[in-house]
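Pasting a predicted model and its sequence here:
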Amino acid sequence: MQCPSCQNTDSRVLESRSADSGRSVRRRRECLNCDFRFTTYERIETTPITVLKRSGAKELFNRTKLISGLSRACKKTLINDSKIEFIVNEIELQLHQGLRKEIKTIEIGEMVLTHLKDINEVAYIRFASVYRQFHGINDFIQTLDALKPLKKEQLASVI
């Protein structure tokens with residue numbers, strides 16, 4: 001690692017700790033030439049994921065857009081920001097672990113719905129209405145009807 005002060009490449013690590021929720025390592029270093037102390041971060045380099053939009057356009061995966069959509073769907077529910085962050089982290093991890101580096105928005109939307117289905121019905125319907133582009137009340141009714149059997153199964157497992 002090159003010292004920012006004298007550009008010497010010899011340094012020693014004084015302290016290492018986890019940063020960014022375990023996604024990187026923060027290291028305090030000291031230059032062996034001029035004793036200047038500086039901080040470096042070590043991160044895993046990941047291959048970028050390309051998202052194929054409905055229009056056919058391609059763009060890089062943007063977790064901020066996913067957080068924004070989830071936040072709107074979860075507004076005024078019991079789902080807090082840390083839970084939204086957890087969902088996005090899980091989805092991003094699944095995407096990076098997958099063999100494909102190009103994924104359709106439809107697949108990402110279904111991943112989100114899978115998480116929301118178990119957490120909050122209102123957020124699920126809100127997200128589905130935008131993601132699936134509901135055009136009327138019948139779209140809402142069909143989605144609600146699809147949730148009903150799931151609730152009956154959950155009740156049966158409790159009893």
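Thanks, I have the structure now.

from here on, contacts and neighbour counts on C-alpha atoms
Will do.

Domain parsing of this structure, as residue ranges.
The record's domain parsing of the chain by automatic domain parsing lists 11-43, 50-158.

now residue 69: how far from residue 123?
According to Cα to Cα, to the nearest Å, residue 69 and residue 123 sit 10 Å apart.

again with residue 67
Here the distance between residue 67 and residue 123 works out to 13 Å (Cα to Cα).

again, but for residue 1
47 Å.

Of these two, which one has the most company?
residue 123 (23 against 12; other Cα atoms under 10 Å).

Return the set of buried residues in whichever strand or helix holds that one.
Element membership for residue 123 (DSSP states H and E) is helix 121-131. Judged by neighbour count using 16 or more other Cα atoms under 10 Å, the buried positions of helix 121-131 are 121-129, 131.

And it, what does it pack against?
Using 3 or more Cα pairs under 8 Å, 6 or more residues apart in numbering; DSSP states H and E as the contact criterion, the secondary-structure elements in contact with helix 121-131 are helix 63-74, helix 105-119, helix 137-158.

so the spatially most central residue of the chain, which of the three states?
Centroid-nearest residue in the chain: residue 88, 2.3 Å away (criterion: Cα atoms, centre = their mean). The local conformation at residue 88, judged by DSSP: H, G, I helix; E, B strand; the rest coil, is helix.

Let me know the distance separating it from residue 81.
The spacing between residue 88 and residue 81, counted by Cα to Cα, is 11 Å.

The helix holding residue 123: how far from the chain's middle?
Distance of helix 121-131 from the chain centroid (Cα atoms, centre = their mean, to the nearest Å) equals 18 Å.

ok, now stretch 139-149?
When C-alpha coordinates are averaged (Cα atoms, centre = their mean), stretch 139-149 and its chain have centres 26 Å apart.

Mind listing what's buried along that stretch?
Of the residues in stretch 139-149, those buried (16+ other Cα under 10 Å) are residue 140.

try stretch 56-71
Buried residues in stretch 56-71, defined by neighbour count with 16+ other Cα under 10 Å: 61, 66-67, 69-71.

next one: stretch 11-19
If you call a residue buried by 16+ other Cα under 10 Å, then stretch 11-19 has these buried ones: residue 11.
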